[in-house]
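1. Below is the structure, and that's it, no one-letter string:
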């Protein structure tokens, strides 16, 4: 499932395949994914087959979208639409990839990669568009400039990009789409507040907040449960799960911040939360319990995507500032 956070990895992108139940004490095999010639890379999404998408720096100074296939340990450069940069943000169970690329004119364009070809999906009338997620039936969501200069979320299906509007302001940004075609993200309202939204059956619904001014929805599973983060009445930012019309605070590890980035169809939620000492740790939330996933006791870690069979990708930083991606299964 999806996430809406970047994972910047210095050097080669690494995956940690965690073996065993006790992750703190279990051995870890580090898998070198290789590179596209540069020193930085970024993982965004993983599907049930263990295919990971993101971007990696090239030896020519660009950044190219990639797909890593765990089955045969290959890292595939998806190329671009003519520019130096492309970014893969979502992958479905069939291996179709959505993201965005710069074209030869310097415009950002949403794309679909079908295993052979990267296709420009166009815009809502402006110059730029970004695709952020694709569901298993091939519907794509993202956001685009309109002819009037606003930024609106879209759904792309049957070769057409449809504007899904806003909550009354000039901006909406989708983050995810589930297999029922429900879309979530955030939108500005008439008071210029950013609120989480759910779009279904042609209607964009304001999901409210935890008591503060702003909220953002980051993922939705097949049963319609939504996760994200929101300001509360005290100005803190807390992860939430939204279901049956109610936004529930998932709390923190004792600090004032937590973010939920992904939920799978088994209602497992991942994200990051602050401790009482100010560290931020990756978490897995299930059955009402938030579990610390900070495997190597780093001061910062984040889990950003979880597949339906429990594969997790994320990021951690050591106390010496080293950054590593992880992939647990």
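-> Looks like it arrived, so ask away. From a predicted model like this one, the values you see are computed outputs, not experimental measurements. Numbering: from 1, shown residues only.

2. Quick one: the helices in this protein, in order.
-> Assigned by DSSP state H, the helices in the chain number zero.

3. contacts for stretch 276-283?
-> Contact with stretch 276-283 is made by 253-255, 257-258, 270-275, 290-294, 299-303, 314, 316, as judged by CB atoms under 8 Å, 6 or more residues apart in numbering. C-beta coordinates here come from the backbone N, C-alpha and C atoms, glycine included.

4. ok, now with 7 Å
-> 253-255, 257, 270-275, 290-294, 299-303, 314 (CB atoms under 7 Å, 6 or more residues apart in numbering).

5. likewise stretch 152-161?
-> So stretch 152-161 is contacted by 121-122, 124, 139-144, 146, 162-166, 172-174, 183, 185 (CB under 7 Å, 6+ apart).

6. What residues sit buried inside it?
-> Of the residues in stretch 152-161, 152-157, 161 count as buried by neighbour count, 16 or more other CB atoms under 10 Å.

7. Also stretch 57-73?
-> 57-58, 62-68, 70.

8. And stretch 115-124, by the same measure?
-> Buried residues in stretch 115-124, defined by neighbour count with 16+ other CB under 10 Å: 118, 120-121, 123-124.

9. Beta-bridge partners for residue 140, please?
-> Bridge pairing for residue 140 (DSSP bridges) gives the partners residue 134, residue 156.

10. Against residue 242, how distant is it?
-> 23 Å (CB to CB, to the nearest Å).

11. Then residue 183?
-> For residue 183, the distance to residue 242 equals 14 Å [CB to CB].

12. what's the answer for residue 272, then?
-> Distance from residue 272 to residue 242, by CB to CB: 19 Å.

13. Ok, residue 60 next?
-> Note on residue 60: its distance to residue 242, by CB to CB, is 44 Å.

14. Check residue 120 too.
-> From residue 120 to residue 242 the distance is 34 Å (CB to CB).

15. Neighbour count: residue 183 and residue 242, which is higher?
-> Neighbour count, other CB atoms under 10 Å: between residue 183 and residue 242, residue 183 has more, with 28 against 22.

16. Excluding chain neighbours, give the residue nearest to the more buried one in space.
-> Distances taken as CB to CB, 6 or more residues apart in numbering place residue 199 nearest to residue 183, at 4.2 Å, with adjacent residues excluded.

17. neighbours around that neighbour, how many?
-> With other CB under 10 Å as criterion, residue 199 counts 22.

18. surely it meets residue 185?
-> No - using CB atoms under 7 Å, residue 199 is not in contact with residue 185, being 8.1 Å away.

19. so residue 82 sits right up against residue 108, yeah?
-> No - contact criterion CB under 7 Å: residue 82 and residue 108 do not qualify, at 11.8 Å.

20. Looking at the two, which one has more neighbours?
-> residue 108 (21 against 16).

21. Distance check, that one against residue 115.
-> Taking CB to CB, one finds residue 108 at 23 Å from residue 115.

22. Any quick PyMOL command for the buried ones out of the contacts of stretch 152-161?
-> Selecting only the buried entries of the contacts of stretch 152-161 in PyMOL, with 16+ other CB under 10 Å as the criterion:
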select buried, resi 121+124+139+140+141+142+143+144+146+163+164+165+166+172+173+174+183+185
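
23. Now intersect the contacts of stretch 152-161 with the strands, please.
-> With DSSP state E as the criterion, strands contain 140-144, 146, 162-165, 172-174, 183, 185 from among the contacts of stretch 152-161.

24. Starting from residue 303, give me the distance back to residue 43.
-> Taken as CB to CB, the span from residue 43 to residue 303 is 12 Å.

25. Need the contact partners of stretch 249-257.
-> In contact with stretch 249-257 (CB under 7 Å, 6+ apart) are residues 210, 232, 236-241, 258, 260, 273-276, 278, 280-281, 285, 290, 292.

26. Mind listing what's buried along it?
-> 250, 252-253, 255, 257.

27. Now do that stretch: distance to the chain's middle.
-> The chain centroid and the centroid of stretch 249-257 are separated by 21 Å under CA atoms, centre = their mean, to the nearest Å.

28. Ends of that stretch, what's the gap?
-> 11 Å (CA to CA, to the nearest Å).

29. Just the strands from the stretch 201-329 of the chain, written as ranges.
-> Ranges of strands in the stretch 201-329 of the chain, per DSSP state E, counting those that start in this stretch, are 203-206, 211-220, 226-232, 237-243, 246-251, 254-263, 269-275, 280-286, 289-292, 300-306, 312-317, 323-328.

30. Which one, of the ones you listed, ends up nearest to residue 74?
-> strand 323-328 (15.2 Å; CB to CB).

31. what is the mean pLDDT for the closest one?
-> For strand 323-328, mean pLDDT rounds to 60.
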